[in-house]
Each structure stands twice: as C-alpha cells, then as structure tokens.
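In: Requesting a structural model of the entry that follows:
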Amino acid sequence: MRRPSVAASLTRVEPPPPGPCAVPAAQELGNSYTASMYTGLLSLICSWHKPQVDANGEPVDTNALAHGKKVLMFSFGSGLAATMFTLKVAGDTSHIAEASELELRLKERIQRTPEEFSSTLADRETKYGKFDWTPSSSTEELFPGTFYLGNVDKFGRRSYKRVPVSPFRSSINYGSLAFHSRLGAADDGRPLPATTASSPAVPTP
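Out: Here you go, the predicted structure:
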C-alpha cells in the first residue's frame with residue numbers, strides 16, 4: 001500500500017514549491033501526536049500565503065487562491081479510534097500565517113545535544129508523581145508568552161506561570177495580530193509581570 005500512495009502524497013501533502021505543503025512543521029518537530037494534525041494545518045496555511053508572483057512578475061493574491069479550498073483532517077490513535085473531517089476556507093487566513101511566523105519561530109529554537117535531552121528526561125522521571133516540589137530549571141530561554149510549571153504543592157495541585165510577553169519581538173506570541181500581544185503590555189510599553197494560574201491535582205507527567 002505504501003508504494004501506490006507515494007504519488008498521491010507528493011501531489012496532495014508534499015508537492016514541490018511553490019505548491020501548498022502540509023509537512024514542514026512535522027518534519028522539524030517530529031511526532032506531536034494529536035497536535036500533528038494542527039501543526040500540519042498551520043504549515044499548509046503558511047504555505048498558502050508565501051509571497052508569489054505570476055508569469056508577468058505581478059504579486060499573486062494568496063487569499064484569493066486559498067479561498068474555497070477544502071482540507072481533509074485525519075487523526076488516528078493506536079488502532080482504537082480515528083477522526084476524519086473536512087474544513088473549507090471561507091474567509092481570510094493570511095492573518096494566521098502572519099501572526100504565527102512559523103519559519104521564524106522554528107529558526108529561533110535553541111539546539112541541544114542528545115546527552116542534554118537524555119539528562120532532561122532522566123530528571124523528569126525523578127519528578128513523576130511527586131508532590132511538594134518546585135522546578136529548578138531556568139526559564140531564561142523560553143519564548144515570551146510560554147506557560148511553565150511554577151510548583152506542585154503537597155496536595156499535588158500545580159501552579160503555572162507565564163513568561164512575560166514582549167511587544168518588541170515579532171513572532172507568534174507577540175506579533176502585531178496576536179491577541180495577548182495587544183493586551184500584554186503596560187501603557188508605557190513594558191511587558192506585564194508573569195501571570196500565575198492553578199489547576200486541580202493531576203499526575204505530574
């Protein structure tokens with residue numbers, strides 16, 4: 001079944017540039033399970049709105065090209081359940097591509113060695129199911145707007161904090177079209193302090 005599907009995949013999922021492509025985020029991020037379906041959708045939307053020119057060198061109206069398109073969304077579990085539905089583009093989607101700035105955010109990631117990755121996972125294993133502790137890792141390299149675990153109390157209740165949103169940067173959490181970017185700065189332009197939220201007791205992953 002794999003070989004006959006290659007041609008269809010190259011045509012519909014990963015056509016050559018400048019065709020719409022749904023896989024760049026998945027290729028960069030790896031398997032994110034259910035989120036893979038939506039990172040694929042984001043990749044597709046961003047590819048629709050890459051600047052294009054026609055045969056005469058004139059800019060192409062990418063919104064007009066995207067309008068009316070149908071997108072098949074398919075997500076499956078471990079053989080027990082699956083969901084399939086379709087989306088139809090009925091309005092402007094360019095603001096999604098502009099606010100996300102997917103390529104920029106992927107380039108802003110910080111590379112880590114396999115040893116550092118393994119060390120981080122080993123540390124998480126020691127925290128699994130543990131109550132009454134506070135993470136000690138630095139938050140300096142987290143993207144502005146990122147939510148992170150502040151502490152777990154003696155009852156297993158988690159408290160979360162958020163890295164202040166910076167109105168002076170230009171990618172997804174702080175782009176000009178991002179809702180919390182418009183609300184996340186003080187009147188004098190300074191970022192607001194980190195916010196805190198709590199959740200009911202749940203097992204620590």
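
In: alpha carbons only for contacts and neighbour counts from here, please
Out: Will do.

In: Can you get me a residue count around Ala7?
Out: Around Ala7 there are 13 other residues, counting by other CA atoms under 10 Å.

In: What separation do you get for it and Ser94?
Out: As judged by CA to CA, to the nearest Å, Ala7 and Ser94 stand 29 Å apart.

In: likewise Lys70?
Out: Distance of Lys70 to Ser94, computed by CA to CA: 16 Å.

In: okay, these two: which has more neighbours?
Out: Using other CA under 10 Å as the criterion, Lys70 and Ser94 rank with Ser94 on top: 16 against 12.

In: For the closest residue to the more buried one other than its chain neighbours, give me its contacts.
Out: Once flanking residues are discounted, Ser94 sits nearest to His49: 6.1 Å by CA to CA, 6 or more residues apart in numbering. Shown in contact with His49 (CA atoms under 8 Å, 6 or more residues apart in numbering): 62-63, 94, 97.

In: okay, those in TSV with secondary structure next?
Out: Putting the contacts of His49 into TSV (DSSP: H, G, I helix; E, B strand; the rest coil) gives the following:
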residue	secondary structure
Thr62	helix
Asn63	helix
Ser94	helix
Ala97	helix
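
In: What are the contacting residues of stretch 66-76?
Out: Contact with stretch 66-76 is made by 34, 37, 48, 82-93, as judged by CA under 8 Å, 6+ apart.

In: Of those, grab the buried ones for PyMOL.
Out: In PyMOL, this line selects whichever of those come out buried by 16 or more other CA atoms under 10 Å:
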select buried, resi 37+48+93
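
In: Determine which two of the contacts of stretch 66-76 are furthest apart.
Out: Spatially, the most separated pair among the contacts of stretch 66-76 is Ala82 and Asp92, at 29.2 Å (CA to CA).

In: quick check, nearest of the contacts of His49 to Leu149?
Out: Nearest to Leu149 among those is Ala97, at 28.7 Å by CA to CA.

In: Fine by me, thanks again.
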